[in-house]
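J.: Have a look at this prediction, sequence included:
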Amino acid sequence: MRQDWLNPATLRDATAVQRDMAASAEQLDRIGTVRLVAACDTSSKWRDTRGPVHAAVAPATWPDATALPAAAVTQTPPFPYVPGYLGFREAPAIVAAWSLLPQPPDLLLVDGQGRAHPRRCGIAVQLGLLLDVPTIGVAKSLLCGTVEDEPGPTAGDRAPVVDRGETVALALRTRARAAPIYVSGGHRVSLESAADWVLRLCDGRRLPWPIRLAHDAANARRRAYMDQVAETAAERPEH
DNA sequence: GCGACAG
DNA sequence: ATCTTGTCGC
């Protein structure tokens, strides 16, 4: 893993890092046998831009879909949230959580964009390179690009998302009559395979179940952290 | 210059 | 991302 990919000094440096990473990312399938699939997500306190983030990675066996214990960490991010630079805020904590897993998963779903990014370097691309794992970007809204034709109303229907003449994502209807989600390749996963995997992992709900597990685990971590802070404050009321 | 803007 | 309650539809 390249440490200099995690800590740019300025946003201008971060832009250069993203260009470098995007050039290193692979957009053809090199997934291999998937025995463990995982998703990651973060949670943080409402309107607290400089407080800690709680990151979780939730693994599960595949294809039997047995959830394994999630790994979670709490860290103070080096960046506030800035559109286009989400990876620099959240990736360090996710990498730390990933390193706690007893076995590295073979595929990682990320809550955010992959190549559907102004510099083709969303958080899923960054995590794929940092962790050396195939990744898929799963976003609930778009950062850039436009949906050419709205996808049909049936689960599995899709429409390309085009940014500056390039198809960077698919607007994917994962549940009938629900708003589409935006799926893009991260590292070593083609757009088509990304959509296939996401549909395979959608159990009748809008979001794939690994993403929901990761979301729940990150929220559990945040609650545990807040409870512990409250407990410490109660034990030392004078300080 | 203005607007748009993952989580 | 996050808070909160009710409400609507299958």
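T.: That came in fine, so what should we check first?
J.: and chain A, which of its residues are near DNA strand C?
T.: A:42-47, A:111, A:140, A:215, A:218-219, A:222 (CB under 7 Å from any atom of the strand). All C-beta spots, glycine's among them, are computed from the backbone N, C-alpha and C.
J.: Quick check on these: which are buried?
T.: A:42-44, A:111, A:215, A:218-219, A:222 (16 or more other CB atoms under 10 Å).
J.: Select from the residues you listed every entry located in helices.
T.: Of these, the ones assigned to helices by DSSP state H are A:215, A:218-219, A:222.
J.: Turn the residues you listed into a markdown table, including pLDDT and distance to DNA strand B.
T.: Converted to a markdown table, these look like this (pLDDT from 0 to 100; distance: CB to the nearest atom of the strand, whole Å):
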| residue | pLDDT | distance to DNA strand B |
| --- | --- | --- |
| A:His215 | 96 | 8 |
| A:Ala218 | 97 | 9 |
| A:Asn219 | 96 | 11 |
| A:Arg222 | 95 | 12 |
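J.: need the contact list for the residue in chain A that DNA strand C sits nearest to.
T.: Nearest residue of chain A to DNA strand C: A:Ser43, at 2.8 Å (CB to the nearest atom of the strand). The neighbourhood of A:Ser43, defined by CB atoms under 8 Å, 6 or more residues apart in numbering, consists of A:53-54, A:56, A:215, A:218-219, A:221-222.
J.: How about A:Thr135?
T.: Listed by CB under 8 Å, 6+ apart, the contact partners of A:Thr135 are A:107-110, A:114, A:124-125, A:127-128, A:186-189.
J.: which of these come close to DNA strand B?
T.: Within these, those near DNA strand B by CB under 7 Å from any atom of the strand are A:Ala124.
J.: most surrounded residue in the contacts of A:Thr135?
T.: A:Ala124 (35 neighbours; other CB atoms under 10 Å).
J.: how far out from the middle of the chain is stretch A:200-215?
T.: Computed by CA atoms, centre = their mean, to the nearest Å, the separation of stretch A:200-215 from the middle of its chain amounts to 13 Å.
J.: ok, back up a step: ok, the ones in helices among the buried ones among the residues of chain A next to DNA strand C vs A:Ala71, which is closest?
T.: Nearest to A:Ala71 among these is A:Ala218, at 10.8 Å by CB to CB.
J.: So, low pLDDT: which residues of chain A?
T.: A:1-3, A:235-239 (pLDDT under 70).
J.: Please, where are all the strands along it?
T.: Ranges of strands within chain A are A:36-44, A:53-61, A:71-75, A:107-111, A:135-139, A:146-147, A:158-163, A:166-172, A:181-185, based on DSSP state E.
J.: The fifth one pairs with which strands, and in what direction?
T.: When you say that, I think you mean strand A:135-139. Partner strands and pairing direction for strand A:135-139 (DSSP bridges) are strand A:107-111 (parallel), strand A:181-185 (antiparallel).
J.: by how many degrees do it and strand A:158-163 diverge?
T.: With axes from the mean of the first three to the mean of the last three CA atoms, to 10 degrees as the basis, strand A:135-139 and strand A:158-163 are set at 90 degrees to each other.
J.: Same check on the third one?
T.: Relative orientation of strand A:71-75 with respect to strand A:158-163: 30 degrees, computed using the same axes, to 10 degrees.
J.: now the angle from strand A:71-75 to strand A:53-61?
T.: 170 degrees.
J.: Relative to strand A:71-75, what are the paired strands and their orientations?
T.: strand A:53-61 (antiparallel).
J.: Dump the residues of chain A next to DNA strand C to CSV, plus distance to A:Pro208.
T.: Converted to CSV, those look like this (distance: CB to CB, whole Å):
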residue, distance to A:Pro208
A:Thr42, 17
A:Ser43, 18
A:Ser44, 22
A:Lys45, 26
A:Trp46, 25
A:Arg47, 28
A:Asp111, 10
A:Lys140, 12
A:His215, 11
A:Ala218, 15
A:Asn219, 17
A:Arg222, 21
